[in-house]
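Asker: Fold the stuff below for me.
(chains A and B)
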Amino acid sequence: MGLVGPNGAGKTTLFNLICGRYRPSSGNILFKDIDITDFKPHAICRLGISRTFQSSRPFPRMSTLQNVLVGHIFGKGFSLHTRPEDSDMARELLEIVGIDHKADTPAGQLTLSEQRRLDLARALATRPKLLLLDEVAAGFSPVLVKQAIELINRVRERGVSLLIIDHFLNLSLKVSDRLLALDHGEKIAEGPPHMVMRNRDVLQAYLGLRHQDEND
Amino acid sequence: MTYFAAKNRINGSKTYVVGFVLGLLTLITLPIIVHFNDYILQVFTHALLLASLALAWNLLGVSGSISLGHAAFFGVGAYASALLSLEQGLSPWLTIPIAGLFATGLGLIIGLICLRLRGAYFALATLAFVEIPRVITDNWDALTKGSLGLVGISGLPTLRMGDWHVDFGSSITASYYLVFVYSFVLLGLVTFVFRSNMGLALQAIREEEIAAESVGIHVNRYRLLSLLMSAFFTGVSGACYAHLVRYIEPGLVYGLHFSAIPMIFAICGGRFTILGPAVAALVLYPVDQFIFHPLLPAGHEFLYGGVLILTVLFMPNGFWGKLRNAS
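Answerer: Okay, the predicted model is just below:
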C-alpha cells in the first residue's frame, strides 16, 4: 500500500502515530484487533510493526553488521548473548539489501543510499508483519529507484505487508496494490493507484486545480 | 571504531593482549617492585579504587548519559557502611555490599526522576542531586554526627579460612591487594556487560535513541538498569574508601572531587572502551600525586582539567580509544 500526499499532508506524522512516537489526541489505532494506541514504540515493534526513517538513523559508531544485529536481537525479545546463527541471519539481510561487503564498516561511514538500505535491513531484522517505509527512494537517481523497486518486491515476497510513503510518486505507483492519499491530515482518496491518481481531490492537492475548478 | 562486540578484533591484536598481561603482572608484583614502600603503595591503592569508580561510572556512561553526580552514590555508600559497622558492629564484609544496595536505592530515586532528561539536562540534574544526601548527612547530627564526620571506622576486614587468615586492614600491602582484586572483578563484570547483548542495547541507545526504541529496545528500562549497576558499584567503592581511610565527612565524600574524577578518567581514557577509564586512573592519579602534587601543592588538580580539555579537543574517543584505532 502506498501513502501519498503533498508536503505537510501528515504522512510521516501518521507513521509516528502508528509506531507510538506520538500519541493521538483522539481515536484508536488497531493492529490485528489489538488496540495499540497507548503502546510504547518498543512494544509496537515486538508486535510486528517496524519502520524506516525519512532521513535514515543508523547507529553511526557501530558496524553495519551490529546495526542489523540490534534489530534481530531486540525485535522479538531478548537473549543475553549473540549466537552464531544471529550473525548469520544479519549477514543474510545485508546480502538481501546488497551491502554485505560493508559489514564491518562503521554505519556512519556508509553513503546515503547505503544507509537507507541499512535502515531497511535493520527494520526487516525485527521480523515485522507490517513494515512502514518512509521515503525510501527520495533523492535517488532513476537507477537507484529501479534498484529500490526490485528490493521492495523482494521484501514483499517474504510475506511482509508494506506501507510506503512516497512524496514524488516515483516508486509507489509501480509497487502498490492500493494507494491512500492524505492532505492536511485527512484521507482524501483510497483505492487502486490509477483511480486515486485520477481523483479530483488528489489532483487538487498536488497541482492546485481549485482556481480552474471555480471557472468551470 | 566499533568497540566491544567486535571480539575477534580485540583478541586479534597481539600487542593489546601482551600489554594487558604485562600491566596486570606489574600491578600484582608492584609491592615487591617498590620494596613495600608505604607511600607508593598507598597512592596505587587509591589509584585502583579510583579505577573502580571510573569503571562503575562508565557502566552508565556507555549508554550516553554523562553523570556529574556520582559523589551521591559514593557518599551514601561510604556513610552506610561506616555507620552500619560503627553503630551495629557488623563486619565490613557485610556492610560493604549493603552499602552498595543503599546506593542502588538512591540510584532508583534519581533514575526515576532524572532519566527522562537527556544530555546536558541530565548531567545538571545529577549535579544538583548530590546536594540532597549531602545536606541530609550534614544535618542529621543524631545519626551521622553531621559535619564532624565519622572517625574510628574499622579497617578493611579480615578473611578467614580455617586457621589461615589475611587481615586486609593490617598493612597497606594487604589493602592494596584487596582493592586490586575488587577492581579486577569489576573489570571482568564490565567486560561481560559491555560484550553481552545488554551492552549492544546500551550502545544503540547512545548512538541513536529513536532508532533503538523503533527496533524493540525498551530504552528507559536499559538506561535505568545501567544507572542502578553503576550506582551499586560506586556505593561499594565508597564503602571501601570509608574502611580504607577510616575517616569520612560530608564535604569529603559528597565533594565535587568524587563526581568529577570518575568522569574525567572515563572521558580521558575513552568512554567507548572497556579498559580505558581504568587505565586513565592508574596513569593519571600517580602522575598527579608523584609529580604534580610536590610541584604545585595548592593547584595540582589543574592536571585533570588540563588533560580533560586536551582529550576533548584532540582525542574525543579518549587516549585508549585512539590507541585501539591505531593498532
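Asker: Residue A:13: how many residues sit nearby?
Answerer: For residue A:13, the tally of surrounding residues (other Cβ atoms under 10 Å in any protein chain shown) stands at 15. Backbone N, C-alpha and C define where each C-beta goes, glycine included.
Asker: helices and strands around whichever strand or helix holds residue B:174, which ones?
Answerer: Per DSSP states H and E: residue B:174 is located in helix B:172-195. Judged by 3 or more Cβ pairs under 8 Å, 6 or more residues apart in numbering or on different chains; DSSP states H and E, helix B:172-195 is in contact with helix B:14-33, helix B:38-61, helix B:219-245.
Asker: give me phi/psi at residue B:88?
Answerer: Note on residue B:88: its backbone torsions stand at phi -100, psi -10 [degrees, to the nearest 10].
Asker: Grab the nearest non-local neighbour of the most centrally placed residue in chain B.
Answerer: The centroid of chain B falls nearest to residue B:53 when counting by Cα atoms, centre = their mean (0.7 Å). Closest residue to residue B:53 apart from its sequence neighbours, by Cβ to Cβ, 6 or more residues apart in numbering or on different chains: residue B:262 at 4.2 Å.
Asker: Run through the residues that contact that neighbour.
Answerer: Contacts here follow Cβ atoms under 8 Å, 6 or more residues apart in numbering or on different chains; on that basis residue B:262 touches B:50, B:53-54, B:56-58, B:70, B:234, B:277.
Asker: Buried residues, the strand or helix carrying it. List them.
Answerer: Residue B:262 is part of helix B:256-269 when elements are defined by DSSP H and E. Neighbour-count burial for helix B:256-269 flags B:258-269 (criterion: 16 or more other Cβ atoms under 10 Å in any protein chain shown).
Asker: was I right about the residue nearest to the centre of chain B contacting residue B:70?
Answerer: Yes - between residue B:53 and residue B:70 there is a contact under Cβ atoms under 8 Å: 7.2 Å.
Asker: who touches both of these two?
Answerer: Taking Cβ under 8 Å, 6+ apart as the contact rule, residue B:53 and residue B:70 both touch B:234, B:258, B:262.
Asker: Nearest to residue B:145 among those?
Answerer: Set against residue B:145, the nearest of the shared contacts of residue B:53 and residue B:70 by Cβ to Cβ is residue B:258 (19.8 Å).
Asker: For the closest one, give me its contacts.
Answerer: Applying Cβ under 8 Å, 6+ apart, we find residue B:258 in contact with B:53, B:70-71, B:74-75, B:238.
Asker: For beta bridges, what are the partners of the spatially most central residue of chain A?
Answerer: Geometric centre of chain A, nearest residue: residue A:133, 0.9 Å, by Cα atoms, centre = their mean. With DSSP bridges as the criterion, residue A:133 is bridged to residue A:164.
Asker: Hmm, it is touching residue A:161, no?
Answerer: No - using Cβ under 8 Å, residue A:133 and residue A:161 do not qualify as a contacting pair, with a distance of 11.2 Å.
Asker: Convert the lengthiest helix in chain A to CSV, retaining C-alpha atoms only.
Answerer: For chain A, the longest helix by residue count, based on DSSP state H, is helix A:142-157. C-alpha atoms of helix A:142-157 as CSV (Å, rounded to 0.1, in the frame of the first residue of the first chain):
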residue,chain,number,x,y,z
PRO,A,142,16.5,6.7,-11.7
VAL,A,143,18.9,3.8,-11.5
LEU,A,144,18.7,3.7,-7.7
VAL,A,145,14.9,3.9,-7.8
LYS,A,146,14.8,0.9,-10.1
GLN,A,147,17.0,-1.0,-7.6
ALA,A,148,14.8,0.1,-4.8
ILE,A,149,11.7,-1.2,-6.6
GLU,A,150,13.4,-4.6,-7.0
LEU,A,151,14.3,-4.6,-3.4
ILE,A,152,10.8,-3.8,-2.3
ASN,A,153,9.4,-6.6,-4.5
ARG,A,154,11.9,-9.0,-2.8
VAL,A,155,10.6,-7.9,0.6
ARG,A,156,7.0,-8.4,-0.5
GLU,A,157,7.9,-12.0,-1.5
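Asker: Just give me the neighbour total for residue B:58.
Answerer: Neighbours of residue B:58 (other Cβ under 10 Å): 28.
Asker: What of residue A:175?
Answerer: A count of nearby residues for residue A:175, using other Cβ under 10 Å, gives 21.
Asker: can you pull the contacts of it?
Answerer: With Cβ under 8 Å, 6+ apart, residue A:175 has these contacts: A:2, A:149, A:152-153, A:156, A:162, A:164.
Asker: So for it, what's the pLDDT?
Answerer: In this model, residue A:175 is scored at 82, pLDDT.
Asker: picking up where we left off before, name only those of the contacts of residue A:175 that count as buried.
Answerer: Neighbour counting by 16+ other Cβ under 10 Å classes A:2, A:149, A:152, A:162, A:164 among the contacts of residue A:175 as buried.
Asker: dump the residue contacts of the second one.
Answerer: In this structure, residue A:149 makes contact with A:171, A:174-175, judged by Cβ under 8 Å, 6+ apart.
Asker: what do you get for the fourth one?
Answerer: Contacts were defined as Cβ under 8 Å, 6+ apart; by that measure residue A:162 touches A:1, A:130-133, A:152, A:155-156, A:175.
Asker: Alright, calling it a day.
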